[in-house]
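Q: got a predicted structure here, sequence first:
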Amino acid sequence: MEQTVNMLTNSFMSIGIWDILDIGIMSVLIYYLLKLTIQTRAKQVLKGLGILIVALQLSDILQFQTLSWLLSYILNSGIIIIVVLFQPELRRLLEQLGRNKILQGARDLLVADTEAALDLTGVAEEMARALQNMAKTKTGCLIVVERQVPLNDIIETGTRIDARLTSQLLENIFVVNTPLHDGAVVVRGGRIAAAGCFLPLSDSDALAKELGTRHRAAMGISENADCVTFLVSEETGVISMTREGQMTRYLNSKTLREVLVGLFAPHISKVSLATRIRRARRERKTH
């Protein structure tokens with residue numbers, strides 16, 4: 001017993017500042033990897049990799065040479081497997097690193113003034129009005145609000161507009177059988193950048209089967225960029241929102257306005273966008 005205690009004591013005493021830093025960095029990386037994948041299908045893949053690692057250790061202990069060789073061969077290719085399977089999640093992780101406030105301190109110094117913020121509050125009001133009107137008439141729509149990650153590749157798939165966002169213009173774009181109604185509208189800086197845009201579809205198993213292509217497109221773009229997407233179901237008139245690969249449905253008028261103000265004019269909003277979205281999800285669960 002004393003020998004074991006001495007061994008553990010010596011091990012702890014030999015830990016230096018670089019070892020602590022190394023452990024800290026790895027802990028942060030693992031935490032963010034788990035946080036990034038907890039709500040995605042990658043979570044199940046991580047479980048599978050964990051099972052393989054445990055099986056490899058057991059096969060070594062039990063001296064199952066053939067099984068051990070096979071599992072070692074599979075895990076040695078783990079980097080390539082992770083890159084292929086986790087491509088959307090890795091892309092999101094790199095984008096989040098690029099958006100880090102520490103790395104973008106200079107950009108934070110260029111925050112818009114109060115007058116510009118109030119103008120964007122008007123944009124939020126116009127968009128909320130359009131979504132509510134289309135919900136009443138069950139007019140299907142899909143609106144993507146660009147944030148820090150540029151959506152140039154998405155804009156190129158549609159028709160460029162570059163017009164001031166108004167409720168009338170948004171509602172006219174999504175009138176059934178008009179040329180641009182079947183795609184997505186991309187909003188950039190409070191203006192309608194393009195309409196009739198094509199979005200990548202999500203293959204997430206978390207989406208309910210009754211939800212259609214419009215909902216999968218909204219989820220797909222939110223899995224690949226930091227944008228926030230709003231949509232109205234043409235079957236039910238329900239207003240939904242997607243962000244970071246998660247969908248919030250049944251947004252009421254108050255919650256919708258709060259989220260939009262937090263999105264377009266965060267510097268005059270006392271509550272962050274993420275907090276408003278969490279509130280919306282809690283309200284949905286209580287109903």
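A: Perfect, thanks for sending it.

Q: pLDDT weak spots in the stretch 1-150 of the chain?
A: Filtered on pLDDT under 70, the stretch 1-150 of the chain yields the residue ranges 1-8, 10-13, 33, 35-46, 78-79, 81-82, 85-86, 88-118.

Q: can you map out the strands along it?
A: Ranges of strands within the stretch 1-150 of the chain are 141-145, based on DSSP state E, counting those that start in this stretch.

Q: burial of Pro226, as a residue count?
A: Quick fix: residue 226 is Asp, not Pro. 17 (other CB atoms under 10 Å). Where C-beta positions appear, they are placed from N, C-alpha and C, glycine not excepted.

Q: just checking, it is part of a strand?
A: No. Read with DSSP: H, G, I helix; E, B strand; the rest coil, Asp226 is coil and lies in no strand.

Q: next one: it, what pLDDT does it get?
A: We note a pLDDT of 87 for Asp226 in this prediction.

Q: surely it meets Val149?
A: Yes. At 4.8 Å, Asp226 counts as touching Val149 under the criterion of CB atoms under 8 Å.

Q: list the residues that contact Thr157.
A: Gly183, Cys197, Phe198 (CB atoms under 8 Å, 6 or more residues apart in numbering).

Q: where does it fall, phi/psi-wise?
A: phi -80, psi -10 (degrees, to the nearest 10).

Q: thinking again about what came up before, least confident pick among the contacts of Thr157?
A: Gly183 (93).

Q: quick check: that residue vs Thr213, distance?
A: The gap separating Gly183 from Thr213 is 11 Å, by CB to CB, to the nearest Å.

Q: of the two, who's got more company?
A: Gly183 (21 against 12).

Q: the residue positioned nearest the centre of the chain and Gly212, how far apart?
A: Among the residues of the chain, Glu244 comes closest to the average C-alpha position under CA atoms, centre = their mean, at 1.2 Å. Glu244 sits 21 Å away from Gly212, going by CB to CB.

Q: about what we covered before: in CSV: the contacts of Thr157, plus secondary structure and distance to Leu29.
A: Shown next, in CSV, are the contacts of Thr157 (DSSP: H, G, I helix; E, B strand; the rest coil; distance: CB to CB, whole Å):
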residue, secondary structure, distance to Leu29
Gly183, coil, 38
Cys197, strand, 34
Phe198, coil, 34
